[in-house]
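# Okay, here's the prediction I keep looking at, along with the sequence it came from:
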Amino acid sequence: MTARHASIGLLSLIHAVACFDLWMTFSSGTLLPQSDGLTLILSVVLQAGSALYLTVQVRGNRLPTFNLTRFARAGGYALLVSLLAGSMLVSAGWLGRPVARVFFFTALAGTASVGYVLSAGIVTFPWRRLLDILVANVVIGTLLLEVGLLAISRVYPSRIFFDPTSAASMIDVWRVKPHSTGFGFRYSSLGYHDHEFFAADADDLVIALLADSFGVGIVPYEYNFATVAENRLKASLSDRFDRIGVHNFGIPATGMREYLHLLEQEALAYNPSKVVLCVFVGNDMDGIRRPSRRDRYLIQDWLFSTYISRAYSVYSNLRAEGKSLVDLADYLGMKGLGGAVAVEDTPQAAVSETHPEYLEDWTKEPPHLDRETFLRWESQRLPVCDTTSVEIESRYRDFFEALARANTLTTSRLLVLVIPDQFQIEDDLWNELLRDVDHPGRFDRFYPQTRIARFCEQQGIAYLDTLPLLSKHQKQGRTYHLQDTHWNARGNRIAGEALADRLVQDLE
């Protein structure tokens, strides 16, 4: 075999791998978002173009004689360009994971072919050396930046610099700062939107409630559904128990993985008679497993691009809520969330905040988010209703695995409270979201509730679906904040009363 044949063989092998990955992606039958579908088509065009270019060079006898140093240099540059481009696009949200590897192999095949052909003639030796030095500095600088950002996220985490692969890190970052105040209520010493917890004795009733931002509220403490449920339980069961408490372990931006961590590390220590696991179908349909830094194949979520994207998202969301830089400082300082912006170290007696009128009259509520941001949030949650997506089905499997584990940990004391998304309650919103999808027939509006009910009935897990009750009351007025994905005071009251009635029924 000649040196020319060796170079042709190696480049052809790279193209063969790229073609095989393209074929595997197409044959999987996965329904991709429109942006990923366009990326896949572009990858096919680039693959065909680079393969044609290589063929022309070979037939014209213009392919350089094989040289190990030259080939290694071209391959190294191609690998660097493909890896950086792919990872940056993934981190920015412009390239979906289902097609990220296809993009990587296609880019690698194309840049390696073009780079090797051009390496012999166009790039002279002095420029080549300068390019080597430049690339080496870029690689070293990127690695040092990554190490520095990783150290910041571990030593001084914030709501921008944090490690999403760790449940403990997510809880520490998103738990509201202890003794902060919001809506006139002082958070507990553990950073929960509740009074101090107590462990149940023989004559006490403790309900542990695990939730995300629905537990934190976006309404004052006395309006929150956990408080409503606790007060209703006290009115019904005070003659049977000395103390009654619904311990609200709500932490924003958390999910099943964090719920299980809280359950094992905190909630079970209070001897609860029941554990209420609140599942918001909009963003809680995930399991324990999330991508770790060892599971990202050839595409790395570089921290610097991830943090830039995260910072921009935080800034955009606050702007959409009409917030200022002062609110941004509170948000990053982990003092509060949304309307419950906290004021540190203020004595409870000194806190005085007039509640807005819309808490009692939903018709007077202004929009929480601008329309564009609200619709973007809801469209990002719509795939949970996709009945054909392989990716969504995988998320359901992980979620049910986590739910079964929660049931085991609670020794069958579990009650799943299913919280619907706003588009499942409001007909106009649902129709508006469907107008912007390619295959509306794939979407079942109540698919999450159907899957959860079926699994819970099969496993003997108690559950309470709030969708029918909220839909009924929605006909008389809004149950969610205006252009927000959380319950308003009315929705919290309806859900809290339903939860208390179900707990009384189960306890009897």
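Ah, there it is.
# rest of the way, CA atoms for contacts and neighbours
Will do.
# helix or strand right after the worst-scoring helix or strand of the chain on mean pLDDT?
Across the helices and strands of the chain, mean pLDDT, DSSP states H and E gives its lowest value to helix 325-332, namely a mean of 62. Following helix 325-332 in sequence order, the next helix or strand is helix 371-381 (DSSP states H and E).
# looking only at pLDDT, what's the mean for that following helix?
Average pLDDT, helix 371-381: 90.
# for the stretch 51-200 of the chain, what are the low-confidence residue spans?
54, 57-68, 71, 91-94, 96-98, 116-128 (pLDDT under 70).
# mind listing what the residue lying closest to I14 once chain neighbours are set aside touches?
Using Cα to Cα, 6 or more residues apart in numbering and skipping the chain neighbours, the partner closest in space to I14 is A109 (5.5 Å). Counting by Cα atoms under 8 Å, 6 or more residues apart in numbering, A109 touches L11, I14, H15, A18, Q47, S50, A78.
# which among these gets closest to G282?
Distance to G282, by Cα to Cα, is smallest for A18 among the contacts of A109, at 35.7 Å.
# What separation do you get for that closest one and S12?
In this view, A18 and S12 are 10 Å apart by Cα to Cα, to the nearest Å.
# Out of these two, name the residue with the larger neighbour count.
Legend: neighbour count by other Cα atoms under 10 Å for A18 and S12, higher for A18 (25 against 17).
# Which element, helix or strand, includes the more buried one?
Using DSSP H and E, A18 falls within helix 3-27.
# quick check: mean pLDDT across that helix?
In this model, helix 3-27 has an average pLDDT of 70.
# Then stretch 270-287?
Stretch 270-287 comes out at a mean pLDDT of 92.
# can you list the residues that contact that stretch?
Stretch 270-287 has contacts (Cα under 8 Å, 6+ apart) with 197-201, 205-212, 254-257, 259, 381-382, 384, 395-402, 410, 413-421, 448.
# for stretch 474-482, same thing?
362, 365-368, 422, 425-426, 470, 473, 486-492.
# Look up how far A208 lies from the closest residue to Y480 other than its chain neighbours.
Spatially, and ignoring its direct neighbours in sequence, Y480 is nearest to W487 (4.1 Å; Cα to Cα, 6+ apart). Shown here: W487 relative to A208, a distance of 20 Å by Cα to Cα.
# do Y307 as well
According to Cα to Cα, Y307 and A208 sit 34 Å apart.
# Neighbour count: the two, which is higher?
Taking neighbours as other Cα under 10 Å, Y307 and A208 compare with A208 leading, 25 against 19.
# isn't there a helix covering the more buried one?
No: secondary structure assignment (DSSP: H, G, I helix; E, B strand; the rest coil) places A208 in strand, not in a helix.
# my read: it touches I244, true?
No: using Cα atoms under 8 Å, A208 is not in contact with I244; the gap is 11.3 Å.
# which neighbours do those two share?
The overlap between the contact sets of A208 and I244 (Cα under 8 Å, 6+ apart) is empty.
# Pull up the distance across stretch 145-163, start to finish.
Taking Cα to Cα, stretch 145-163 runs 16 Å from one end to the other.
# Show me the domain layout of the protein.
With domains defined by automatic domain parsing, the chain comprises 3-123, 167-298+335-507.
# now those in CSV, with distance to L318?
Below are those laid out as CSV (distance: least, Cα to Cα, whole Å):
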stretch, distance to L318
domain 3-123, 19
domain 167-298+335-507, 9
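# quick one, which of the ones you listed is nearest to R159?
Per Cα to Cα, nearest to R159 of those: domain 167-298+335-507, 6.1 Å.
# What separates the first and last residues of the closest one, distance-wise?
End-to-end distance for domain 167-298+335-507, by Cα to Cα: 32 Å.
# Stretch 207-218 too?
21 Å.
# Pull out the buried positions in that stretch.
By 16 or more other Cα atoms under 10 Å, the buried positions in stretch 207-218 come out as I207, A208, L209, L210, A211, D212, S213, F214, G215, V216, G217, I218.
# Distance check, the fourth one against T111.
Think L210. Here the criterion is Cα to Cα. By it, L210 lies 50 Å from T111.
# related to what we said a few turns ago, Provide a ChimeraX selection command restricted to the buried entries of the contacts of stretch 270-287.
To isolate the buried members of those in ChimeraX, using 16+ other Cα under 10 Å:
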select :197,200,205,206,207,208,209,210,211,212,254,255,256,257,259,382,384,395,396,398,399,400,402,410,413,414,415,416,417,418,419,420,421,448
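# Among the contacts of stretch 270-287, which ones are in helices?
Using DSSP state H, the subset of those located in helices is 256-257, 259, 381, 395-402, 448.
# where do the strands sit along the stretch 201-350 of the chain?
In the stretch 201-350 of the chain, the strands defined using DSSP state E, counting those that start in this stretch lie at 204-210, 243-248, 274-280.
# Ok, which of the ones you listed comes nearest T373?
T373 lies closest, by Cα to Cα, to one member of those: strand 274-280, at 19.4 Å.
# That closest one to strand 243-248, inter-axis angle?
30 degrees (axes from the mean of the first three to the mean of the last three Cα atoms, to 10 degrees).
# So that it lines up with my notes, have the first residue be 19 from now on.
All set: I'll call the first residue 19, so the last point we hit is now strand 292-298.
# Checking A186 next. Helix, strand or coil?
Of the three states, A186 takes helix under three-state DSSP.
# Next, count neighbours for it.
Using other Cα under 10 Å, A186 has 15 other residues around it.
# what about it, distance to L281?
Applying Cα to Cα, the value for A186 to L281 is 12 Å.
# ditto for N266
Distance, N266 to L281, by Cα to Cα: 12 Å.
# which residues do those two both contact?
Common neighbours of N266 and L281, counting by Cα under 8 Å, 6+ apart, are L228.
# Looking at these two, which has the bigger crowd around it?
N266 (25 against 21).
# Quick check: that one vs L452, distance?
Separation of N266 from L452 (Cα to Cα) stands at 35 Å.
# Just list the residues touching I479, thanks.
Going by Cα under 8 Å, 6+ apart, I479 touches N425, S430, L432, L433, V434.
# pLDDT score for the second one?
The score at S430 is 83. That number is its pLDDT.
# so how many other residues sit close to D445?
Counted with other Cα under 10 Å, D445 comes out at 10.
# Equivalent analysis for I32, please.
Quick note: I32 (other Cα under 10 Å) scores 18 neighbours.
# so what's it up against?
Here I32 is in contact with F123, L126, A127 (Cα under 8 Å, 6+ apart).
# Would you mind measuring from it to V264?
According to Cα to Cα, I32 and V264 sit 60 Å apart.
# do the same with E450
38 Å.
# cool, E214 as well?
Going from E214 to V264 by Cα to Cα gives 11 Å.
# Between the two, point out the one with more neighbours.
V264 (25 against 13).
# The more buried one contacts I225, doesn't it?
Yes: counting by Cα under 8 Å, I225 is a contact partner of V264 at 4.6 Å.
# quick one, helices of the stretch 69-218 of the chain?
86-109, 115-137, 143-173, 185-192 (DSSP state H, counting those that start in this stretch).
# for those, which one ends up most surrounded?
Of all these, helix 115-137 has the most neighbours on average by mean count of other Cα atoms under 10 Å, namely a mean of 23.
# any idea which residue sits dead centre in the chain?
Residue closest to the mean C-alpha point of the chain, counted by Cα atoms, centre = their mean, is N301 at 6.8 Å.
# Point out where the stretch 269-418 of the chain drops to low pLDDT.
In the stretch 269-418 of the chain, residues with pLDDT under 70: 305-320, 323, 338-372.
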